[in-house]
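> below is the structure, and that's it, no one-letter string:
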(Lines give C-alpha, C1' and ligand atoms only; values in the text may rest on other atoms or scores of the structure.)
Protein backbone atom coordinates (compact mmCIF):
# COMPACT_ATOMS: atom_id res chain seq x y z
CA UNK A 1 0.00 0.00 0.00
CA UNK A 2 1.50 3.34 -1.01
CA UNK A 3 1.80 6.07 1.59
CA UNK A 4 -0.69 8.93 1.58
CA UNK A 5 -1.06 11.87 3.97
CA UNK A 6 -3.34 14.88 3.79
CA UNK A 7 -2.96 18.16 5.71
CA UNK A 8 -5.45 21.01 5.78
CA UNK A 9 -5.50 24.18 7.90
CA UNK A 10 -8.00 27.05 7.96
CA UNK A 11 -7.93 30.52 9.50
CA UNK A 12 -11.36 31.49 10.76
CA UNK A 13 -11.07 34.54 13.02
CA UNK A 14 -8.78 36.51 10.74
CA UNK A 15 -7.19 36.09 7.33
CA UNK A 16 -3.53 35.37 6.76
CA UNK A 17 -1.36 38.35 5.95
CA UNK A 18 0.81 38.42 2.83
CA UNK A 19 3.85 37.94 5.07
CA UNK A 20 2.32 34.89 6.73
CA UNK A 21 1.50 33.39 3.35
CA UNK A 22 5.14 33.87 2.29
CA UNK A 23 6.25 32.10 5.46
CA UNK A 24 4.02 29.15 4.61
CA UNK A 25 5.27 29.09 1.02
CA UNK A 26 8.85 28.91 2.26
CA UNK A 27 7.92 25.62 3.98
CA UNK A 28 5.93 24.09 1.10
CA UNK A 29 6.38 24.82 -2.57
CA UNK A 30 3.43 22.56 -3.53
CA UNK A 31 0.95 23.57 -0.86
CA UNK A 32 -2.34 25.21 -1.88
CA UNK A 33 -2.12 28.47 0.05
CA UNK A 34 -4.80 31.16 0.27
CA UNK A 35 -5.55 34.02 2.63
CA UNK A 36 -7.70 31.64 4.66
CA UNK A 37 -5.90 28.33 4.56
CA UNK A 38 -3.33 25.74 3.54
CA UNK A 39 -3.83 22.28 2.05
CA UNK A 40 -1.46 19.67 0.66
CA UNK A 41 -1.21 15.92 0.22
CA UNK A 42 1.92 13.79 0.30
CA UNK A 43 2.58 10.42 -1.29
CA UNK A 44 6.29 10.74 -0.63
CA UNK A 45 7.83 12.83 2.12
CA UNK A 46 5.95 14.83 4.73
CA UNK A 47 5.08 18.35 5.84
CA UNK A 48 8.32 20.00 6.94
CA UNK A 49 6.72 21.84 9.81
CA UNK A 50 5.08 21.09 13.15
CA UNK A 51 1.27 21.29 12.78
CA UNK A 52 0.94 22.24 16.45
CA UNK A 53 3.26 25.20 15.93
CA UNK A 54 1.29 26.27 12.84
CA UNK A 55 -1.89 26.15 14.92
CA UNK A 56 -0.30 28.40 17.54
CA UNK A 57 0.90 30.91 14.96
CA UNK A 58 -1.54 30.93 12.04
CA UNK A 59 -4.65 28.79 12.09
CA UNK A 60 -7.89 28.03 13.98
CA UNK A 61 -8.63 24.51 12.67
CA UNK A 62 -6.58 21.63 11.25
CA UNK A 63 -7.40 18.23 9.74
CA UNK A 64 -4.89 15.45 9.12
CA UNK A 65 -5.38 11.93 7.84
CA UNK A 66 -3.13 9.13 6.65
CA UNK A 67 -4.01 5.91 4.91
CA UNK A 68 -2.36 3.84 7.64
CA UNK A 69 -5.29 4.74 9.88
CA UNK A 70 -4.52 8.05 11.61
CA UNK A 71 -7.16 10.81 11.68
CA UNK A 72 -6.67 14.03 13.59
CA UNK A 73 -8.52 17.30 14.23
CA UNK A 74 -7.12 20.39 15.98
CA UNK A 75 -9.07 23.50 16.96
CA UNK A 76 -7.88 26.77 18.48
CA UNK A 77 -10.04 28.85 20.82
CA UNK A 78 -9.51 32.26 22.41
CA UNK A 79 -8.81 31.78 26.11
CA UNK A 80 -11.74 34.07 26.86
CA UNK A 81 -14.01 31.57 25.09
CA UNK A 82 -12.57 28.33 26.53
CA UNK A 83 -10.81 28.27 29.88
CA UNK A 84 -7.69 26.06 29.97
CA UNK A 85 -8.90 24.29 33.11
CA UNK A 86 -12.21 23.45 31.39
CA UNK A 87 -10.37 21.93 28.43
CA UNK A 88 -8.19 19.92 30.81
CA UNK A 89 -11.25 18.36 32.46
CA UNK A 90 -12.36 16.76 29.19
CA UNK A 91 -9.15 16.37 27.15
CA UNK A 92 -6.51 14.60 29.19
CA UNK A 93 -5.90 11.37 27.26
CA UNK A 94 -4.07 10.23 24.14
CA UNK A 95 -7.20 10.53 22.00
CA UNK A 96 -8.02 14.04 23.23
CA UNK A 97 -5.53 16.52 24.66
CA UNK A 98 -5.23 20.28 25.04
CA UNK A 99 -2.52 22.86 25.52
CA UNK A 100 -2.43 26.61 25.97
CA UNK A 101 -0.62 29.60 24.54
CA UNK A 102 -0.66 33.10 26.02
CA UNK A 103 -3.80 33.86 23.98
CA UNK A 104 -5.43 30.55 23.00
CA UNK A 105 -6.41 27.03 24.04
CA UNK A 106 -5.84 24.31 21.42
CA UNK A 107 -7.66 20.97 21.36
CA UNK A 108 -6.36 17.90 19.52
CA UNK A 109 -8.66 14.92 18.85
CA UNK A 110 -7.12 11.77 17.39
CA UNK A 111 -8.35 8.41 16.07
CA UNK A 112 -6.09 5.50 15.18
CA UNK A 113 -6.91 2.32 13.28
CA UNK A 114 -4.05 -0.15 13.17
CA UNK A 115 -5.66 -1.94 10.24
CA UNK A 116 -5.47 1.18 8.10
CA UNK A 117 -8.32 2.85 6.24
CA UNK A 118 -9.89 0.33 3.88
CA UNK A 119 -12.79 2.67 3.15
CA UNK A 120 -11.05 5.88 2.18
CA UNK A 121 -12.39 9.10 3.64
CA UNK A 122 -13.17 11.88 1.17
CA UNK A 123 -10.89 14.57 2.58
CA UNK A 124 -12.01 17.47 0.38
CA UNK A 125 -14.55 19.59 2.23
CA UNK A 126 -14.40 17.60 5.46
CA UNK A 127 -12.70 20.31 7.53
CA UNK A 128 -15.16 22.87 6.17
CA UNK A 129 -18.00 20.59 7.33
CA UNK A 130 -16.48 20.11 10.80
CA UNK A 131 -15.21 23.64 11.53
CA UNK A 132 -18.58 25.06 12.74
CA UNK A 133 -18.33 22.96 15.91
CA UNK A 134 -15.79 25.56 17.05
CA UNK A 135 -18.42 28.30 17.02
CA UNK A 136 -20.88 25.95 18.76
CA UNK A 137 -18.46 25.46 21.65
CA UNK A 138 -17.67 29.15 21.94
CA UNK A 139 -21.42 29.76 22.10
CA UNK A 140 -21.71 27.55 25.17
CA UNK A 141 -22.49 24.17 23.53
CA UNK A 142 -20.39 21.66 25.49
CA UNK A 143 -21.07 18.68 23.24
CA UNK A 144 -17.65 18.89 21.56
CA UNK A 145 -15.88 18.66 24.91
CA UNK A 146 -18.09 15.80 26.08
CA UNK A 147 -17.46 13.88 22.83
CA UNK A 148 -13.72 14.36 23.35
CA UNK A 149 -14.07 12.78 26.82
CA UNK A 150 -16.18 9.98 25.33
CA UNK A 151 -13.51 9.29 22.69
CA UNK A 152 -10.98 8.76 25.49
CA UNK A 153 -13.44 6.46 27.26
CA UNK A 154 -13.90 4.44 24.06
CA UNK A 155 -10.15 3.89 23.87
CA UNK A 156 -9.94 2.91 27.58
CA UNK A 157 -7.88 5.94 28.51
CA UNK A 158 -9.95 6.53 31.67
CA UNK A 159 -10.16 4.19 34.64
CA UNK A 160 -13.46 2.31 34.77
CA UNK A 161 -14.49 4.31 37.84
CA UNK A 162 -13.73 7.67 36.21
CA UNK A 163 -16.87 9.81 36.73
CA UNK A 164 -18.67 11.07 33.66
CA UNK A 165 -18.60 14.85 33.18
CA UNK A 166 -21.90 16.77 33.09
CA UNK A 167 -23.94 15.54 30.11
CA UNK A 168 -24.81 18.31 27.63
CA UNK A 169 -28.16 18.56 25.90
CA UNK A 170 -28.58 17.31 22.35
CA UNK A 171 -26.38 14.18 22.28
CA UNK A 172 -29.22 12.24 20.65
CA UNK A 173 -29.57 14.83 17.89
CA UNK A 174 -26.09 16.05 16.96
CA UNK A 175 -25.63 18.97 14.62
CA UNK A 176 -24.34 18.21 11.12
CA UNK A 177 -20.78 19.35 11.97
CA UNK A 178 -20.70 17.26 15.15
CA UNK A 179 -22.05 14.23 13.29
CA UNK A 180 -19.32 14.59 10.66
CA UNK A 181 -16.75 14.89 13.45
CA UNK A 182 -17.94 11.73 15.23
CA UNK A 183 -17.88 9.80 11.95
CA UNK A 184 -14.40 11.11 11.11
CA UNK A 185 -13.06 10.14 14.54
CA UNK A 186 -14.79 6.72 14.46
CA UNK A 187 -16.70 7.35 17.69
CA UNK A 188 -18.67 4.19 18.53
CA UNK A 189 -22.38 4.82 17.74
CA UNK A 190 -23.42 2.47 20.56
CA UNK A 191 -21.31 4.37 23.08
CA UNK A 192 -22.79 7.65 21.87
CA UNK A 193 -26.30 6.18 22.11
CA UNK A 194 -25.62 4.98 25.65
CA UNK A 195 -24.40 8.43 26.65
CA UNK A 196 -27.38 10.12 25.00
CA UNK A 197 -29.88 8.39 27.28
CA UNK A 198 -29.02 10.97 29.96
CA UNK A 199 -29.08 13.97 27.60
CA UNK A 200 -31.98 16.38 27.30
CA UNK A 201 -33.15 17.52 23.88
CA UNK A 202 -31.78 20.74 22.43
CA UNK A 203 -35.35 22.03 22.17
CA UNK A 204 -35.69 21.88 25.94
CA UNK A 205 -32.30 23.52 26.47
CA UNK A 206 -32.58 26.22 23.79
CA UNK A 207 -33.30 29.73 25.07
CA UNK A 208 -36.75 31.04 24.28
CA UNK A 209 -37.26 34.02 22.02
CA UNK A 210 -38.78 35.90 24.94
CA UNK A 211 -35.74 35.23 27.14
CA UNK A 212 -33.37 36.40 24.41
CA UNK A 213 -35.47 39.52 23.83
CA UNK A 214 -35.39 40.45 27.51
CA UNK A 215 -31.65 39.84 27.69
CA UNK A 216 -30.89 41.95 24.60
CA UNK A 217 -33.09 44.76 25.90
CA UNK A 218 -31.08 44.85 29.15
CA UNK A 219 -27.66 44.95 27.42
CA UNK A 220 -25.76 48.19 27.88
CA UNK A 221 -26.06 50.47 24.84
CA UNK A 222 -22.29 50.55 24.48
CA UNK A 223 -22.20 46.74 24.13
CA UNK A 224 -24.87 46.83 21.44
CA UNK A 225 -23.02 49.55 19.56
CA UNK A 226 -19.78 47.55 19.71
CA UNK A 227 -21.52 44.43 18.37
CA UNK A 228 -22.96 46.35 15.43
CA UNK A 229 -19.58 47.93 14.67
CA UNK A 230 -17.96 44.48 14.59
CA UNK A 231 -20.53 43.29 12.09
CA UNK A 232 -20.04 46.37 9.88
CA UNK A 233 -16.23 46.01 10.03
CA UNK A 234 -16.57 42.42 8.79
CA UNK A 235 -15.26 41.24 12.13
CA UNK A 236 -18.37 39.25 13.09
CA UNK A 237 -16.47 35.95 13.25
CA UNK A 238 -17.59 34.28 16.45
CA UNK A 239 -19.74 37.23 17.55
CA UNK A 240 -23.01 35.26 17.64
CA UNK A 241 -21.33 32.48 19.59
CA UNK A 242 -19.76 34.94 22.02
CA UNK A 243 -23.11 36.63 22.65
CA UNK A 244 -24.81 33.27 23.24
CA UNK A 245 -22.07 32.30 25.66
CA UNK A 246 -22.53 35.56 27.47
CA UNK A 247 -26.29 34.96 27.58
CA UNK A 248 -25.86 31.45 28.93
CA UNK A 249 -23.48 32.71 31.56
CA UNK A 250 -26.49 33.99 33.44
CA UNK A 251 -28.96 31.34 32.29
CA UNK A 252 -29.87 27.97 33.74
CA UNK A 253 -27.24 25.26 33.21
CA UNK A 254 -28.30 23.09 30.28
CA UNK A 255 -26.27 20.09 31.38
CA UNK A 256 -27.51 17.11 33.36
CA UNK A 257 -27.16 17.47 37.13
CA UNK A 258 -23.92 16.06 38.50
CA UNK A 259 -25.84 13.55 40.62
CA UNK A 260 -26.82 11.66 37.46
CA UNK A 261 -23.21 11.04 36.42
CA UNK A 262 -22.20 7.54 35.40
CA UNK A 263 -18.67 6.13 35.15
CA UNK A 264 -16.60 5.41 32.08
CA UNK A 265 -16.90 1.68 32.81
CA UNK A 266 -20.69 1.87 33.09
CA UNK A 267 -20.95 3.68 29.76
CA UNK A 268 -18.75 1.09 28.05
CA UNK A 269 -20.87 -1.71 29.53
CA UNK A 270 -24.06 0.00 28.33
CA UNK A 271 -22.58 0.36 24.85
CA UNK A 272 -21.66 -3.35 24.85
CA UNK A 273 -25.23 -4.22 25.84
CA UNK A 274 -26.63 -2.12 22.99
CA UNK A 275 -24.26 -3.83 20.53
CA UNK A 276 -25.25 -7.29 21.81
CA UNK A 277 -28.97 -6.45 21.55
CA UNK A 278 -28.52 -5.27 17.96
CA UNK A 279 -26.62 -8.43 17.04
CA UNK A 280 -29.34 -10.56 18.61
CA UNK A 281 -32.02 -8.75 16.63
CA UNK A 282 -29.99 -9.22 13.46
CA UNK A 283 -29.86 -12.97 14.12
CA UNK A 284 -33.54 -13.15 15.00
CA UNK A 285 -34.69 -11.21 11.95
CA UNK A 286 -34.06 -14.02 9.38
CA UNK A 287 -35.67 -16.59 11.69
CA UNK A 288 -38.71 -14.37 12.18
CA UNK A 289 -38.98 -13.85 8.44
CA UNK A 290 -38.71 -17.57 7.83
CA UNK A 291 -41.44 -18.22 10.40
CA UNK A 292 -43.69 -15.65 8.72
CA UNK A 293 -43.11 -17.22 5.33
CA UNK A 294 -43.81 -20.70 6.72
CA UNK A 295 -47.04 -19.50 8.30
CA UNK A 296 -48.08 -17.82 5.04
CA UNK A 297 -47.38 -21.06 3.15
CA UNK A 298 -49.36 -23.10 5.68
CA UNK A 299 -52.28 -20.65 5.54
CA UNK A 300 -52.32 -20.83 1.74
CA UNK A 301 -52.35 -24.64 1.92
CA UNK A 302 -55.22 -24.64 4.39
CA UNK A 303 -57.16 -22.42 2.01
CA UNK A 304 -56.43 -24.77 -0.90
CA UNK A 305 -57.67 -27.75 1.10
CA UNK A 306 -60.84 -25.89 2.07
CA UNK A 307 -61.43 -25.16 -1.63
CA UNK A 308 -60.59 -28.75 -2.59
CA UNK A 309 -63.05 -30.35 -0.19
CA UNK A 310 -65.94 -28.84 -2.13
CA UNK A 311 -65.26 -31.00 -5.23
CA UNK A 312 -62.45 -33.56 -4.83
CA UNK A 313 -63.67 -35.52 -7.87
CA UNK A 314 -62.97 -32.52 -10.07
CA UNK A 315 -59.43 -32.41 -8.64
CA UNK A 316 -58.80 -36.06 -9.63
CA UNK A 317 -60.02 -35.24 -13.15
CA UNK A 318 -57.59 -32.31 -13.29
CA UNK A 319 -54.75 -34.66 -12.28
CA UNK A 320 -55.60 -36.97 -15.20
CA UNK A 321 -55.80 -34.04 -17.62
CA UNK A 322 -52.43 -32.65 -16.51
CA UNK A 323 -50.72 -36.05 -16.83
CA UNK A 324 -52.19 -36.50 -20.27
CA UNK A 325 -50.27 -33.49 -21.60
CA UNK A 326 -46.95 -35.31 -20.90
CA UNK A 327 -45.34 -31.94 -20.16
CA UNK A 328 -42.87 -31.78 -17.20
CA UNK A 329 -44.41 -28.57 -15.80
CA UNK A 330 -47.87 -30.16 -15.86
CA UNK A 331 -46.47 -33.27 -14.15
CA UNK A 332 -45.23 -30.97 -11.33
CA UNK A 333 -48.64 -29.32 -11.04
CA UNK A 334 -50.33 -32.73 -10.93
CA UNK A 335 -48.00 -33.85 -8.13
CA UNK A 336 -48.78 -30.69 -6.09
CA UNK A 337 -52.50 -31.33 -6.54
CA UNK A 338 -52.08 -34.96 -5.47
CA UNK A 339 -50.20 -33.85 -2.35
CA UNK A 340 -53.14 -31.59 -1.48
CA UNK A 341 -55.56 -34.52 -2.03
CA UNK A 342 -53.36 -36.68 0.21
CA UNK A 343 -53.39 -34.03 2.96
CA UNK A 344 -57.15 -33.63 2.62
CA UNK A 345 -57.63 -37.40 2.93
CA UNK A 346 -55.45 -37.51 6.04
CA UNK A 347 -57.33 -34.60 7.58
CA UNK A 348 -60.77 -36.11 6.88
CA UNK A 349 -59.94 -39.78 7.62
CA UNK A 350 -60.10 -40.73 3.97
CA UNK A 351 -56.58 -42.09 3.57
CA UNK A 352 -57.70 -45.54 2.44
CA UNK A 353 -59.73 -44.17 -0.44
CA UNK A 354 -56.86 -41.90 -1.50
CA UNK A 355 -54.37 -44.79 -1.45
CA UNK A 356 -56.65 -46.92 -3.62
CA UNK A 357 -57.11 -44.20 -6.25
CA UNK A 358 -53.43 -43.36 -6.26
CA UNK A 359 -52.52 -47.04 -6.78
CA UNK A 360 -54.80 -47.26 -9.81
CA UNK A 361 -53.33 -44.01 -11.14
CA UNK A 362 -49.79 -45.36 -10.86
CA UNK A 363 -50.80 -48.58 -12.64
CA UNK A 364 -52.34 -46.68 -15.54
CA UNK A 365 -49.17 -44.61 -16.01
CA UNK A 366 -46.58 -47.25 -15.10
CA UNK A 367 -44.60 -46.54 -18.28
CA UNK A 368 -44.17 -42.81 -17.51
CA UNK A 369 -40.83 -43.05 -15.72
CA UNK A 370 -40.37 -39.33 -15.07
CA UNK A 371 -43.89 -39.07 -13.61
CA UNK A 372 -43.31 -42.02 -11.28
CA UNK A 373 -39.98 -40.51 -10.25
CA UNK A 374 -41.84 -37.34 -9.22
CA UNK A 375 -44.28 -39.50 -7.25
CA UNK A 376 -41.38 -41.13 -5.40
CA UNK A 377 -39.71 -37.83 -4.56
CA UNK A 378 -43.02 -36.42 -3.33
CA UNK A 379 -43.58 -39.62 -1.32
CA UNK A 380 -46.83 -40.33 -3.14
CA UNK A 381 -46.74 -44.06 -2.49
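Arrived safely, thanks for sending. Please read these numbers as outputs of a predicted model, since none were measured by experiment.

> residue ranges for the strands of the stretch 251-381 of the chain, please.
Remark: strands of the stretch 251-381 of the chain are absent; assignment by DSSP state E, counting those that start in this stretch.

> in it, which spans are helices?
Along the stretch 251-381 of the chain, the segments classed as helices by DSSP state H, counting those that start in this stretch run 264-308, 312-324, 328-347, 351-364, 369-377.

> return the most buried member of those.
helix 328-347 (a mean of 16; mean count of other CB atoms under 10 Å). Where you see a C-beta, it was placed from the backbone N, CA and C, and this is true even at glycine.

> quick one: mean pLDDT for that helix?
Helix 328-347 shows an average pLDDT of 88 in the prediction.

> by contact count, what packs against it?
Counting contacts by 3 or more CB pairs under 8 Å, 6 or more residues apart in numbering; DSSP states H and E, helix 328-347 is packed against helix 264-308, helix 312-324, helix 351-364, helix 369-377.

> please state the offset of that helix from the chain centre?
Helix 328-347 sits 51 Å away from the centroid of its parent chain (CA atoms, centre = their mean, to the nearest Å).

> quick one: that helix to helix 351-364, angle?
160 degrees (axes from the mean of the first three to the mean of the last three CA atoms, to 10 degrees).

> can I get the helices of the stretch 251-381 of the chain in JSON lines with distance to residue 133?
Converted to JSON lines, the helices of the stretch 251-381 of the chain look like this (distance: least, CB to CB, whole Å):
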{"stretch": "helix 264-308", "distance to residue 133": "21"}
{"stretch": "helix 312-324", "distance to residue 133": "71"}
{"stretch": "helix 328-347", "distance to residue 133": "63"}
{"stretch": "helix 351-364", "distance to residue 133": "75"}
{"stretch": "helix 369-377", "distance to residue 133": "66"}
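
> of all those, which lies closest to residue 71?
Residue 71 sits nearest to helix 264-308 of all the helices of the stretch 251-381 of the chain, at 20.4 Å, using CB to CB.

> other SSEs contacting the closest one?
Going by 3+ CB pairs under 8 Å, 6+ apart, helix 264-308 lies up against helix 143-154, helix 189-196, helix 328-347.

> so what touches the longest one?
Spelled out, that is helix 328-347. Helix 328-347 is touched from outside by 301, 304-305, 308-309, 312, 315-316, 318-319, 322-323, 350-351, 353-354, 358, 370-371, 374-375, 378, 380, with contacts defined as CB atoms under 8 Å, 6 or more residues apart in numbering.
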